[in-house]
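Undergrad: No sequence on hand, only this structure:
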């Protein structure tokens, strides 16, 4: 997703520069600015979603690791108890 965000942002910047090169030179049409704004929103949403789910994945892995560690400790305690 990060690559898509970088490519989209680069395309938006290229769009702005191309908008300055067409007639009338030096003036950017409002549709170009609007498109650049939409690209910025798209990139921000990609990065936000990516960061959100990456943090959720780390949290999930930590939680599963904690549960498995607890299960391993319980198994070791049961194995260490002498049979009567």
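TA: Sure thing, it's come through. These numbers come from a predicted model, not from an experiment.

Undergrad: Show me where this structure has its strands.
TA: Using DSSP state E, no strands are found in the chain.

Undergrad: quick one, phi psi at residue 22?
TA: Dihedral angles of residue 22 (phi, psi; degrees, to the nearest 10) stand at phi -90, psi 170.

Undergrad: Tell me how many other residues surround it.
TA: A count of nearby residues for residue 22, using other CB atoms under 10 Å, gives 11. Bear in mind the C-beta positions are built from the backbone N, C-alpha and C, glycine included.

Undergrad: Also residue 30?
TA: Based on other CB under 10 Å, the number of other residues close to residue 30 is 8.

Undergrad: quick one: it and residue 5, what's the gap?
TA: Note on residue 30: its distance to residue 5, by CB to CB, to the nearest Å, is 25 Å.

Undergrad: for residue 66, same thing?
TA: 32 Å.

Undergrad: neighbour count winner among these two?
TA: Neighbours around residue 66 and residue 5, counted as other CB under 10 Å, are more numerous at residue 5. The numbers are 17 against 10.

Undergrad: just checking, that one touches residue 48?
TA: No: judged on CB atoms under 8 Å, residue 5 makes no contact with residue 48 at a distance of 10.0 Å.

Undergrad: Name the residues contacting each of the two.
TA: Common neighbours of residue 5 and residue 48 are not found (criterion: CB atoms under 8 Å, 6 or more residues apart in numbering).

Undergrad: quick one: terminal-to-terminal distance for stretch 19-39?
TA: 15 Å (CA to CA, to the nearest Å).

Undergrad: separation between the closest residue to residue 35 other than its chain neighbours and residue 4?
TA: Nearest residue to residue 35 in three dimensions, chain neighbours excluded: residue 15, at 6.0 Å (CB to CB, 6 or more residues apart in numbering). According to CB to CB, residue 15 and residue 4 sit 16 Å apart.
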